[in-house]
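Colleague: Just need the structure, nothing else, for what follows:
(one chain, ligands or ions: 1)
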Amino acid sequence: MDPARALAAARPVPYWLDDPARPAAQPALAGAEHCDLLVVGGGYSGLWTALLARERDPGRDVVLIEAGRIGSAASGRNGGFCAASLTHGFANGLARWPGEFAALEDLGARNLDAIEAAVRRYGLDCEFERTGEIDVATAPYQAEELRQAHATALQHGLDLEYLDRDQVRAEVDSPTFHAGLYDRRGVAMVHPAKLAWGLRRAAERAGVRIYEHTPALALVRHGAALAVRTPYGRVLAHHAALGTGVFPSLLRRTRHRTVPVYDYALTTEPLTEDQRAAIGWRGRQGLGDSANRFHYFRLTADNRVLWGGYDAVYPRGGRMDPAYEQRPATYLRLARHFFACFPQLEGVRFSHAWGGAIDTCTRFSAFFGTAHGGRVAYAAGYTGLGVGATRFGAEVMLDLLSGLTTERTVLAMVRRRPPPFPPEPLATAGIGLTQWSLARADRTQGRRNLWLRALDRAGLGFDS
Ligand SMILES: Cc1cc2nc3c(=O)[nH]c(=O)nc-3n(C[C@H](O)[C@H](O)[C@H](O)COP(=O)(O)OP(=O)(O)OC[C@H]3O[C@@H](n4cnc5c(N)ncnc54)[C@H](O)[C@@H]3O)c2cc1C
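Modeller: Presented below is the predicted three-dimensional model:
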């Protein structure tokens, strides 16, 4: 089908947020608030931090302020792959922190278990399905890379399965698949916005006071406490946790450690029984293909296919703009790739098309720190794999604010921060060259040129 016709009726909003169940916004803060802990940001980072703070100490007075609506940024518009990995995949974790890789994997597995337990305990109605993920090879060289990755994973005790062409196609049938690497336990699928809304409800029930449409405009020391200015009020707090994602941090020092990268996704109309039968997918796993420029795809609860990724767009000058959340050229490319992957679905139409900004950092996994003499903690830089890892990041922020040494705060991954991106125009030039090189590697059997090899040696990179 002509991709443009398949897209013609797509609504230009995230499928997840286009839901009558979206809760009404809480009023903005007007006047003065006082609390022990102020959480800034109403995505998963902030919501988990607020909820876990009350779990750790039910007597603690917690306020959360959100600039827009709860879950309206990355947390309400992502692919919903909730992964155990805290390190943007095991290969990245192993390359960067070989000495603490086992601990990171263990903490990540426990973190995903804890999310599953919280879904049950708080009745978070977020369509949580622990169906796993298959990384698929769409070229023979990628099949070989997956085989090597499988061998490495086995050496490190990871429970992954290599699937040959017939085995992977028996799970999900695409003529483009050559092989797969199946992680049965390490990834769950969720409805991302419902996860955020459920966390909001759980936090409110636990006693957290939430204000929406309340951006923190400035954060300063105020005697022994902190003062945060908002458009109609002010919060005085003993401590603050910043879960502001890709948005400019209230702390100048962290601003150059992330850049926004726009990522885009489509959902189809719900598939019919016949269309489902034509592609299999009875296991309802998440899938991702394994080139540098990769697609991710999954089924929603009502059997739409969500199909996203590939183009990772660094906006001019690194500036964010809501206008960048729509990109028809990318939708056309994604639609073409979708029908190439699933020719059986010829004639299917797309219901929604949207984009969102990812907080990319040079090591692809979150970094943490404190400011104002330990009164403020922050976590950012999840680089496209924060649905699960933000809960771990919330624990880290609370650990750091408590001043205690924990199994998390001793990690080099927690103690050290990634190198910042260079200032503009160097960032645009460097990211442009890196993206060009990655696309070229995808066309040349994965061969990495001099530039990519130099970045690899320096432990730097660009991903989404
Ligand atoms: C299209 C897309 C697909 C993705 N797919 C996946 C996936 O499948 N799996 C995965 O693991 N990850 C995925 N991600 C990444 C994942 O969504 C993020 O890592 C995660 O949601 C980050 O959560 P957060 O709370 O840190 O940030 P956010 O969700 O961005 O929340 C930060 C919040 O802070 C608020 N804020 C910012 N500044 C202020 C301020 N000064 N005052 C008050 N509030 C402020 C913002 O309004 C925002 O709501 C994807 C991201 C995108 C955009």
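
Colleague: do stretch 110-129 and the ligand meet at all?
Modeller: No - contact of stretch 110-129 with the ligand (CB under 6 Å from any ligand atom) is absent, the minimum separation being 10.9 Å. Bear in mind the C-beta positions are built from the backbone N, C-alpha and C, glycine included.

Colleague: Residues of the stretch 101-250 of the chain that sit close to the ligand?
Modeller: Counting by CB under 6 Å from any ligand atom, the stretch 101-250 of the chain sits next to the ligand at 215-216, 243-247, 250.

Colleague: out of the residues you listed, who's nearest the ligand?
Modeller: G245 (2.7 Å; CB to the nearest ligand atom).

Colleague: In three-state terms, label that closest one for me.
Modeller: When classified by DSSP: H, G, I helix; E, B strand; the rest coil, G245 comes out as coil.

Colleague: which ones are touching it?
Modeller: 41, 43, 45, 73-75, 359, 380, 382, 386 (CB atoms under 8 Å, 6 or more residues apart in numbering).

Colleague: mind checking how far L51 is from G42?
Modeller: In this view, L51 and G42 are 12 Å apart by CB to CB, to the nearest Å.

Colleague: Compare those two (neighbour count), which wins?
Modeller: The residue with more neighbours, out of L51 and G42, is G42; 32 against 25, by other CB atoms under 10 Å.

Colleague: Need the three-state assignment for that one.
Modeller: Per three-state DSSP, G42 ends up coil.

Colleague: That one - nearest residue in space that isn't next to it in sequence?
Modeller: Nearest non-adjacent residue to G42, counting by CB to CB, 6 or more residues apart in numbering: E66, 3.0 Å away.

Colleague: cool, and A237?
Modeller: Excluding its sequence neighbours, the residue lying closest to A237 (CB to CB, 6+ apart) is L38, at 3.7 Å.

Colleague: A225 is in contact with that neighbour, correct?
Modeller: No - counting by CB atoms under 8 Å, A225 is not a contact partner of L38; they are 9.8 Å apart.

Colleague: intersection of neighbour lists for the two?
Modeller: A237.

Colleague: Need the residues of the stretch 101-250 of the chain next to the ligand in a markdown table (columns: distance to Q142).
Modeller: Below are those laid out as a markdown table (distance: CB to CB, whole Å):
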| residue | distance to Q142 |
| --- | --- |
| P215 | 43 |
| A216 | 44 |
| G243 | 35 |
| T244 | 36 |
| G245 | 31 |
| V246 | 29 |
| F247 | 35 |
| L250 | 42 |
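
Colleague: Name only those of these that count as buried.
Modeller: 215-216, 243-247, 250 (16 or more other CB atoms under 10 Å).

Colleague: Show me which pair in the residues you listed is furthest apart.
Modeller: For these, the farthest-apart pair by CB to CB is A216 and V246; their separation is 15.4 Å.

Colleague: what ranges do the helices span in the protein?
Modeller: 3-7, 44-56, 74-77, 90-96, 101-121, 140-155, 165-171, 192-205, 273-279, 328-341, 389-402, 412-415, 426-443, 450-458 (DSSP state H).

Colleague: Quick one: those helices as a markdown table, columns for mean pLDDT too.
Modeller: Formatted as a markdown table, the helices of the chain follow (pLDDT from 0 to 100):
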| stretch | mean pLDDT |
| --- | --- |
| helix 3-7 | 96 |
| helix 44-56 | 98 |
| helix 74-77 | 98 |
| helix 90-96 | 94 |
| helix 101-121 | 98 |
| helix 140-155 | 97 |
| helix 165-171 | 98 |
| helix 192-205 | 98 |
| helix 273-279 | 97 |
| helix 328-341 | 98 |
| helix 389-402 | 98 |
| helix 412-415 | 98 |
| helix 426-443 | 93 |
| helix 450-458 | 91 |
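
Colleague: Including distance to R349, could those go into CSV?
Modeller: Putting these into CSV (distance: least, CB to CB, whole Å) gives the following:
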stretch, distance to R349
helix 3-7, 5
helix 44-56, 31
helix 74-77, 20
helix 90-96, 36
helix 101-121, 32
helix 140-155, 30
helix 165-171, 25
helix 192-205, 22
helix 273-279, 12
helix 328-341, 10
helix 389-402, 33
helix 412-415, 43
helix 426-443, 28
helix 450-458, 38
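
Colleague: List the contacts of the residue nearest to G42.
Modeller: Contacts of E66 by CB under 8 Å, 6+ apart are 41-42, 46, 210-214.

Colleague: likewise G233?
Modeller: 28-33, 214.

Colleague: Name the member of those residues with the most neighbours.
Modeller: T214 (27 neighbours).

Colleague: Roughly how far does it sit from A277?
Modeller: Where A277 is concerned, T214 sits at a distance of 49 Å (CB to CB).

Colleague: from the contacts of G245, which are also near the ligand?
Modeller: Applying CB under 6 Å from any ligand atom to the contacts of G245, those adjacent to the ligand are 41, 43, 45, 73-75, 382, 386.

Colleague: before we move on, back to that, can I get the residues of the stretch 101-250 of the chain next to the ligand in TSV including pLDDT?
Modeller: What follows is those, written out as TSV (pLDDT from 0 to 100):
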residue	pLDDT
P215	98
A216	98
G243	98
T244	98
G245	97
V246	97
F247	97
L250	97
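
Colleague: out of the residues you listed, who's nearest R363?
Modeller: V246 (15.9 Å).

Colleague: for that closest one, what are its contacts?
Modeller: Neighbours of V246 in contact, by CB under 8 Å, 6+ apart: 73-74, 258, 260, 320, 357-359, 380.

Colleague: Out of these, which end up buried?
Modeller: Judged by 16+ other CB under 10 Å, buried ones among those: 73-74, 258, 260, 357-359, 380.

Colleague: Report how many residues lie close to F367.
Modeller: Using other CB under 10 Å, the number of residues around F367 comes to 23.

Colleague: That one bridge partners, please.
Modeller: Here F367 sits in beta bridges with A380, going by DSSP bridges.

Colleague: does it really touch G381, like I thought?
Modeller: Yes - counting by CB under 8 Å, F367 touches G381, with 4.9 Å between them.
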